[in-house]
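A.B. asks: return atomic coordinates for the entry below.
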Amino acid sequence: MMHTDKAGPLSRVVNVDRLPQGRGSVTVEASPAEAEALARDFKIPAIRDLVGRFDIAGSLNRLRVTGTVEAQVTQVCSVTLEPFESKVSEPVEVEFTDTDQLAGTDAEDADVPDPIVGGRLDFGALTAEFLALGLDPYPRKPGVSFEPVQAGEDPNPFAALQQLRDEKR
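C.D. replies: Have a look, this model is predicted:
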């Protein structure tokens with residue numbers, strides 16, 4: 001899920017060993033510049049008021065993060081091509097595990113939770129990831145519905161073949 005090779009436009013790294021007994025909460029509020037950079041990455045006109053609120057529970061080796069990511073986004077209607085605003089509210093529920101503990105074991109290749117890399121989690125990247133999940137890939141302005149175009153009778157796609165076959169007889 002999360003990519004750690006390079007930080008994206010929104011990064012808030014937290015050292016999990018600084019959390020009191022593996023518990024805590026983290027709030028990520030994107031600056032206008034970070035929101036603008038994310039909007040460019042997501043190829044949408046605008047993102048405003050992006051906030052990720054997360055609760056953390058578990059041990060330093062296995063953390064459970066729950067919460068929500070919310071934002072006001074401007075998207076382009078896939079039917080009318082007009083920009084419109086909508087609210088995104090995406091629930092978050094993710095488990096993280098310390099990958100250093102799994103190194104060299106069978107669990108290393110198994111389907112495991114997202115990694116805690118070097119004792120750190122990037123809650124900014126998590127916020128951006130769940131915002132992306134909350135975006136409608138085919139956004140429509142409220143009240144707009146897609147009406148398929150009906151232009152007379154659709155020709156039978158095999159009509160030309162039928163015509164060729166009839167000519168050969």
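
A.B. asks: pairing partners for the host helix or strand of Thr74, with directions?
C.D. replies: Using DSSP states H and E, Thr74 sits in strand 62-76. Strand 62-76 has the following sheet partners, assigned by DSSP bridges: strand 46-58 (antiparallel), strand 83-98 (antiparallel).

A.B. asks: TSV for those strands, including distance to Ser145?
C.D. replies: For every residue, glycine as well, the C-beta is placed using N, CA and C. TSV is the format used below for these (distance: least, C-beta to C-beta, whole Å):
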stretch	distance to Ser145
strand 46-58	24
strand 83-98	14
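
A.B. asks: beyond the lowest-mean-pLDDT helix or strand in the chain, next helix or strand please.
C.D. replies: In the chain, the helix or strand scored least confidently by mean pLDDT, DSSP states H and E is helix 99-102, which has a mean of 59. Where DSSP H and E defines the elements, the next helix or strand beyond helix 99-102 is strand 114-116.

A.B. asks: which helices and strands sit right next to the helix or strand that that following strand is followed by?
C.D. replies: Remark: after strand 114-116, the chain's next helix or strand is strand 120-122, criterion DSSP H and E. Helices and strands touching strand 120-122, by 3 or more C-beta pairs under 8 Å, 6 or more residues apart in numbering; DSSP states H and E, are strand 13-15.

A.B. asks: now do the helix or strand following the strand it packs on: everything it contacts.
C.D. replies: Remark: after strand 13-15, the chain's next helix or strand is strand 24-29, criterion DSSP H and E. The contact list for strand 24-29 (C-beta atoms under 8 Å, 6 or more residues apart in numbering) reads 10, 12, 14, 50-56, 67, 123-124, 126-127.

A.B. asks: contacting residues around the following helix or strand past strand 24-29?
C.D. replies: With elements assigned by DSSP H and E, the helix or strand that comes after strand 24-29 is helix 32-42. Defining contact as C-beta under 8 Å, 6+ apart, one finds that helix 32-42 is touched by 8-10, 30, 45-48, 50, 71, 73-74, 124, 128, 131-132, 135.

A.B. asks: okay then, goodbye and thanks.
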